[in-house]
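# Next input, structure requested:
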Amino acid sequence: MSSLMVKELDLIEEFRDLSLVCEITPKSVRLGMLKLTNPFLEKVKECQKKDQKLMEKLVLINEGKETDFGVDENRVIKYRGRVLCPMCLN
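Model prediction:
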C-alpha cells in the first residue's frame, strides 16, 4: 500500500471522528453533516437576553466571578449544567 493511500485512509478516519457522514466510492469520498436545531432553546436564549438578572449574571460569568452559572456553545445560560428558563417563557 502506498504512503498516499495510507494518508488518505488516515484522513477518512479523522473525518469519521468528526461525526460526518462519510461515503467511500472507488472514485471519490463524499462527506456530509446533518445539524438539528431546537427552536425551544432559541426561544430560551432570546428570553434570557430580556431577563435583567440573568444579564447581570452573564457579566459575572464573563469576569470569572460566577462558578455555578455558565454559558454553553449555543450561548444559552445554564446553572450547574441545566438550562435556565426565564419568566417570559411561561
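# right, and Lys50 touches Pro86 too?
Yes - under the criterion of CB atoms under 8 Å, Lys50 is in contact with Pro86, at a separation of 7.0 Å. All C-beta spots, glycine's among them, are computed from the backbone N, C-alpha and C.
# what are the ranges of the helices in this structure?
Taking DSSP state H as the test, the helices found in the chain are 3-17, 39-50, 52-63.
# Turn those into JSON lines, columns for mean neighbour count, mean pLDDT and distance to Ser28.
Shown next, in JSON lines, are these (neighbours: other CB atoms under 10 Å; pLDDT from 0 to 100; distance: least, CB to CB, whole Å):
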{"stretch": "helix 3-17", "mean neighbour count": "10", "mean pLDDT": "75", "distance to Ser28": "11"}
{"stretch": "helix 39-50", "mean neighbour count": "14", "mean pLDDT": "89", "distance to Ser28": "35"}
{"stretch": "helix 52-63", "mean neighbour count": "13", "mean pLDDT": "92", "distance to Ser28": "45"}
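# Mind checking these for the one nearest to Lys27?
helix 3-17 (12.7 Å; CB to CB).
# would you put the C-alpha positions of the closest one in PDB?
Extracted in PDB, the C-alpha atoms of helix 3-17 (Å, rounded to 0.1, in the frame of the first residue of the first chain):
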ATOM      1  CA  SER A   3       2.000   6.100   1.600                       C
ATOM      2  CA  LEU A   4      -0.500   8.300  -0.200                       C
ATOM      3  CA  MET A   5      -3.200   5.700   0.300                       C
ATOM      4  CA  VAL A   6      -2.300   5.400   4.000                       C
ATOM      5  CA  LYS A   7      -2.600   9.200   4.400                       C
ATOM      6  CA  GLU A   8      -6.000   9.100   2.600                       C
ATOM      7  CA  LEU A   9      -7.200   6.400   5.000                       C
ATOM      8  CA  ASP A  10      -5.900   8.400   8.000                       C
ATOM      9  CA  LEU A  11      -7.900  11.500   6.800                       C
ATOM     10  CA  ILE A  12     -11.000   9.400   6.300                       C
ATOM     11  CA  GLU A  13     -10.700   8.100   9.900                       C
ATOM     12  CA  GLU A  14     -10.300  11.700  11.100                       C
ATOM     13  CA  PHE A  15     -13.400  12.700   9.300                       C
ATOM     14  CA  ARG A  16     -15.300   9.800  10.900                       C
ATOM     15  CA  ASP A  17     -14.300  11.100  14.300                       C
END
